[in-house]
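In: With the input below, show me the fold.
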Amino acid sequence: MRLLDNDFKLAKPIMRIAYQYRLKPTYEQRRQMARWLDMLRCQYNWMLADRFEWWEMNRTPVNACPLVCSIAEPREQPNYYSQKRSLVPLKAERSWYKEIHSQVLQDMVKRVGKAFDRFVKGDKNGKRSGKPRFKGKNRYRTFTYPQAKPDWIEGNRIKLPKIGLIKFIQHRPLPDGFTVKTVSITLKADGWYVTFSLEDKSVPEQPVAEIEPTEANSIGVDTGLEYFIACSDGTTQQPPKFYRQAEAKLAQLQAKREARAKGSKPRRKLNERIAKLHQRIARQRRQWHFETAQALIDKAEVIFVEDLKVSNMARRNKPKQGEDGTFLPNGQAAKSGLNKSFADAGIAGFLNEILPYKAAKAGRLVVKVNPAGTSQHCANCLNRVPKELSDRWHECPHCGASMARDVNSGILIKKVGLGHRLTIKRESRSGRRSPCCTAKRSA
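Out: Model (predicted):
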């Protein structure tokens, strides 16, 4: 299991955790680390461009090339080992790269390979990432020592090779039994941070809790924008809207920044204030997510949630064109505000990262269910009750049940998780709605 301050990874056979502390470097150490980041960024971009050049030359098969085209001399595909070998002549031609620790440079090459391979081949699940982008100034913010040693840490100080002894604020002690595997240095909006990746080989992978879901030990949770969570027990919680609360202040700072000349000191200071405000918003949201997840874990042993694709919900509307080729209004202006609310709530991060992590740590179980039909049926009699998205209150004409739409969905999510199957009926082509259906209990 591994959880960073701003990142979450799935469980591994050997328990790995990460502790992050704030660094207190001297002025010279800050300058040196900033210089390292800039040099690493330049070399990262060069190696990524080298891979893109090879990819453009070899992406089309020979039998599918245009009839008239220039064919360059084939060359070996750049990989981690070939690009790592290029670091030797790099230091000979550009002696200032000798200042950087060799393993830090090699870790940069590994980052290039991982980003490019995820674009071309995909990750271990076959999911391909977008095309890697070149890192602009202040976009390369972390360098890593991949083979750290425990004796680097001396109390509340860490001795980094080629940088020296740096003090860090040890707000909590490192856990006993764990050994330091890697050390990462990160530049954030409010200063420098060190992240220790710790490993304990004696502790196995945290097992998934084996709990039999019942009516008594489970709860259904519906997530949304009106209510961030609506539970099957009737409790609701509205999203705090941290970004919306800070939007006016953010707009004020951005307007002041645009009035300053590019490259000037006042503009740079305003950029720092804007970055710190964004960081504060992200930390507030993350802290609130952890508190909300803990409240759900305290309620039940099994938590049923919808298997949502939030990225699809926040996707841009397709453009509309008239017969004369002109573009027509497609509702994207209104949709942009909705997308901003999705980003402000952070539903995907809560459902996919924080809630499963907190549940596994507490020995609880999070189960995702199919969301189809959970908003179009009555939770009491299970008859189909069609509703538009604007209908925020559930009124059942069959049994008279009346409750908030999201609470009704939370109850349905729990019933689906416990084994009920909702048979969804669509409208017929004649315009007449097919008879109401009832939920069936799966065998």
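
In: Can you get me a residue count around residue 176?
Out: Residue 176 has 6 neighbouring residues, counting by other CB atoms under 10 Å. Heads up, the C-betas are built off the backbone N, CA and C, glycines and all.

In: any idea whether residue 270 is helix, strand or coil?
Out: Following DSSP: H, G, I helix; E, B strand; the rest coil, the label given to residue 270 is helix.

In: That one reaches residue 259, doesn't it?
Out: No. Under the criterion of CB atoms under 8 Å, residue 270 makes no contact with residue 259, lying 9.3 Å away.

In: Looking at those two, which has the bigger crowd around it?
Out: The residue with more neighbours, out of residue 270 and residue 259, is residue 270; 19 against 9, by other CB under 10 Å.

In: ok, the more buried one to residue 121 distance?
Out: In this view, residue 270 and residue 121 are 42 Å apart by CB to CB, to the nearest Å.

In: again with residue 175
Out: In this view, residue 175 and residue 121 are 36 Å apart by CB to CB.

In: Also residue 82?
Out: Look at residue 82 and residue 121: by CB to CB, they are 17 Å apart.

In: Equivalent analysis for residue 144, please.
Out: Distance, residue 144 to residue 121, using CB to CB: 23 Å.

In: Could you do residue 398 as well?
Out: Per CB to CB, residue 398 is found 53 Å from residue 121.

In: So if I had to pick from the two, which one is more boxed in?
Out: residue 398 (14 against 10).

In: so who does residue 411 touch?
Out: Residue 411 makes contacts with 220, 232, 379, as judged by CB atoms under 8 Å, 6 or more residues apart in numbering.

In: Tell me which of those residues fall in strands.
Out: Mapping these onto strands (DSSP state E) picks out residue 220.

In: Neighbour-wise, give me the winner out of the contacts of residue 411.
Out: Neighbour counts for these (other CB under 10 Å) peak at residue 220, which has 29 neighbours.

In: name the element the spatially closest residue to that one that is not a sequence neighbour belongs to?
Out: Nearest-residue entry for residue 220: residue 414, 2.9 Å, with adjacent residues in sequence omitted and distances by CB to CB, 6 or more residues apart in numbering. Taking DSSP states H and E as the criterion, residue 414 maps to helix 405-417.

In: Any buried residues in the one helix or strand residue 105 maps to, and which?
Out: According to DSSP H and E, residue 105 maps onto helix 102-120. For helix 102-120, a neighbour-count test (16 or more other CB atoms under 10 Å) marks 103-109, 111-113, 115-119 as buried.

In: what about the nearest residue to residue 188 once chain neighbours are set aside, neighbour count?
Out: For residue 188, ignoring the flanking residues on the chain, the nearest one in space by CB to CB, 6+ apart is residue 279 at 6.6 Å. For residue 279, the count of nearby residues is 14 (other CB under 10 Å).

In: pLDDT value on residue 279, please?
Out: On the pLDDT scale, residue 279 is placed at 96.

In: give the contact list for it.
Out: 188, 189, 190.

In: beta partners of the first one?
Out: Read that as residue 188. Beta-bridge pairing for residue 188 (DSSP bridges): residue 191.

In: Touching, it and residue 141? I think so.
Out: Yes. Using CB under 8 Å, residue 188 is in contact with residue 141, at 7.4 Å.

In: pLDDT at residue 436, what is it?
Out: Per-residue confidence (pLDDT) for residue 436: 41.

In: which residues in the stretch 1-150 of the chain form strands?
Out: With DSSP state E, counting those that start in this stretch, the ranges of strands along the stretch 1-150 of the chain come out as 2-4, 7-9, 14-24, 142-145.

In: my bad, should have said the stretch 251-400 of the chain
Out: Applying DSSP E, counting those that start in this stretch to the stretch 251-400 of the chain gives strands spanning 302-306, 320-321, 327-328, 365-369, 393-395.

In: thinking again about what came up before, which residues touch the helix holding residue 105?
Out: Taking CB under 8 Å, 6+ apart as the rule, helix 102-120 contacts 36, 40, 43-44, 47-48, 51, 55, 79-80, 83-84, 87, 97, 128-132, 143-147.

In: try 6 Å this time
Out: 40, 44, 47-48, 51, 80, 83-84, 87, 129, 131-132, 143-147 (CB atoms under 6 Å, 6 or more residues apart in numbering).

In: Out of these, which sit inside helices?
Out: Among these, the residues falling in helices (DSSP state H) are 40, 44, 47, 48, 51, 80, 83, 84, 87.

In: so for stretch 210-221, what's the average pLDDT?
Out: 90.

In: Just checking the distance from it to the centre of its chain.
Out: With CA atoms, centre = their mean, to the nearest Å as the basis, stretch 210-221 stands 27 Å off its chain's centre.
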